[in-house]
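K.L.:
I need the structure of the sequence given here:
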Amino acid sequence: MAIAQKLLSAVDQDILTVPAGKSYAITTIMVCNHAGFLAAGTNDTSFDLHFVKDTEPKGDVNMVVKELPVPGGETFTFDSEKIILEAGDKVVSVSQAPLNLAITVSYLEV
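P.N.:
Okay, here's the model as predicted:
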């Protein structure tokens, strides 16, 4: 098992891109709001998540999460479905302000 990790920003970020000749099974995605809880709503932020096929642009058709809120100090876990990505496919994410989110994608080569 392997992981890819990034801090999310306000611009699209390729979190994981499958190399040529490979296929990956995404087992878990965790998005952590690393800012502590101060007062209700103070450090809350949200994110979008896309699974983008090789050669296709990011858009509404490949969005799997839209503006999902993550309260300060909390973690969202996406682990109920397994996703298979082929060569060139990628996981793309973007955060809304404040920029408090870290993403971890766990995957296996299949």
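
K.L.:
show me what the longest strand along the chain is packed up against.
P.N.:
Scanning the chain for the strand with the most residues, using DSSP state E, yields strand 23-33. Here strand 23-33 touches strand 45-52, strand 63-70, strand 75-78, strand 83-86, strand 90-95, strand 101-109, going by 3 or more CB pairs under 8 Å, 6 or more residues apart in numbering; DSSP states H and E. The way it works is simple: take the backbone N, C-alpha and C, and place the C-beta from them, glycine included.

K.L.:
10 Å instead?
P.N.:
For strand 23-33, the packing partners by 3 or more CB pairs under 10 Å, 6 or more residues apart in numbering; DSSP states H and E come out as strand 2-7, strand 13-17, strand 45-52, strand 63-70, strand 75-78, strand 83-86, strand 90-95, strand 101-109.

K.L.:
which stretch among these comes nearest residue 29?
P.N.:
For residue 29, the closest of the helices and strands packed on strand 23-33 is strand 75-78, at 4.2 Å, according to CB to CB.

K.L.:
walk me through which strands that closest one pairs with, and which way each runs.
P.N.:
strand 23-33 (antiparallel) (DSSP bridges).

K.L.:
report the distance from the partner strand to the chain centre.
P.N.:
How far strand 23-33 lies from its chain's middle: 7 Å, per CA atoms, centre = their mean, to the nearest Å.

K.L.:
with stretch 82-95 instead?
P.N.:
Going by CA atoms, centre = their mean, where stretch 82-95 is centred and where its chain is centred differ by 9 Å.

K.L.:
pLDDT on it, on average?
P.N.:
For stretch 82-95, mean pLDDT is 97.

K.L.:
picking up where we left off before, the helices and strands packed on strand 23-33 into a markdown table, with extra columns for distance to residue 30?
P.N.:
Shown next, in a markdown table, are those (distance: least, CB to CB, whole Å):
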| stretch | distance to residue 30 |
| --- | --- |
| strand 2-7 | 9 |
| strand 13-17 | 11 |
| strand 45-52 | 12 |
| strand 63-70 | 10 |
| strand 75-78 | 5 |
| strand 83-86 | 14 |
| strand 90-95 | 12 |
| strand 101-109 | 5 |
